[in-house]
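[1] My questions are about this predicted structure, shown below with the sequence.
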Amino acid sequence: MNVIDKTLYRTVMNATTHLFFGEPLTPAELDELTTWILAHQNRRRGFVFCPTAAERQQGIRLFSGEKPQTMLATDNAVEMETLRLLALLQPEAPEVRLLFEMAERRLSDVCYGRVCSKGECAHASISVLRYHTARGAGNSAGMIVRGLDALRQDRTGKGHWHTFPFYYTLLWLTELHDGAVENGLGESAHTELSYARGRCERLLPRTRDGLPEKPFDRVRAKILHDALVRVG
C-alpha cells in the first residue's frame, strides 16, 4: 500500500493511521517511506520538520482530531508526529538518530519539552511524550514520570483533564500502557486510564456505527475502545 502523499503532514498521518489500525508496511515500504521523510526536512526556527505554508492552509490536526489553536502547537504536532513515526520505522538509522538529537536539543530549551500544563503547551507536551514513549520508556522514564504526575494534578474529577486534550492524552496513555513496564510506568498509565473509564464509556457509543460519521470518529472510537480494554 502506498501511504506517500503530496505533503509531509499527510504522508505521516497516512502511515500512522495504517500502523494504528494494525496494517503493517512491508520492509520495502518502510525503507521507501523513511527515505521520503528524510528528504522532506523543512528546518525553521529550530524545528527539523516544520509544516509548510501549504500544509497550514490545508489544516493541521492532532492524530486524535483536536485542532491546535496556536502556531507553536501546530508546528510541534507535525514535528513530533514525524519523529515518532521515524522511531517506529528505523530508529537506529544514523541519519534518523541525528535528527532525534537535533530535535531533543530544541526541546531541552522549551517548557513543554519537560512537560507543561499551561494552555496549548499541554497539547505540545503530549506530542513530546508520545515521541519519548515510542523511543523507549527506559531512556525517557524521567520525562514520562513528569507527564503522569502532571496529568494527576490536572484532573477535573470528571474523567478528563483541565488542559490536556482528552483523546490525544488517552492515545498516549494506551501507548504507554502497552510499552512501559519499567519503573511502574505501565501501572501508573493504567491508573490514569481507570480515572477516565467512565467518560470513555459515555463517549464510545457516539463514535460507533449508526450515527453520521465525522472526521476522526474511526480513530477516536479505537482510542476509546483501546482505553477500555486496557482497564478491563
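    Arrived safely. Bear in mind that the values here come from a model prediction, so they are computed numbers and not experimental data.
[2] Which SSE is immediately downstream of the longest helix along the chain?
    Longest helix in the chain, counting residues (DSSP state H): helix 71-89. Moving toward the C-terminus from helix 71-89, the next helix or strand (DSSP states H and E) is helix 94-107.
[3] Buried residues of that following helix, list them for me.
    Neighbour counts over helix 94-107 (16 or more other CB atoms under 10 Å) mark 96, 99-100, 102-104, 107 as buried. Backbone N, C-alpha and C define where each C-beta goes, glycine included.
[4] from the chain's centre, how far out does stretch 96-109 sit?
    Between the centre of stretch 96-109 and the centre of its chain there are 17 Å (CA atoms, centre = their mean, to the nearest Å).
[5] What of stretch 215-230?
    Relative to the mean C-alpha coordinate of its chain, stretch 215-230 is positioned 14 Å out (CA atoms, centre = their mean).
[6] helices or strands up against the helix or strand of the chain with the lowest mean pLDDT?
    Least confident helix or strand, the chain: helix 137-153 with a mean of 87, by mean pLDDT, DSSP states H and E. Contacts defined by 3 or more CB pairs under 8 Å, 6 or more residues apart in numbering; DSSP states H and E place helix 137-153 against helix 121-135, helix 166-179, helix 185-195.
[7] Repeat the analysis, applying 6 Å as the threshold.
    For helix 137-153, the packing partners by 3 or more CB pairs under 6 Å, 6 or more residues apart in numbering; DSSP states H and E come out as helix 121-135, helix 185-195.
[8] Taking helix 166-179 as reference, get the angle to it.
    Using axes from the mean of the first three to the mean of the last three CA atoms, to 10 degrees, the inter-axis angle of helix 137-153 relative to helix 166-179 is 140 degrees.
[9] Go through helix 137-153 and flag the buried ones.
    Under 16+ other CB under 10 Å, the buried positions of helix 137-153 are 137, 140-141, 143-145, 147-148, 150-151.
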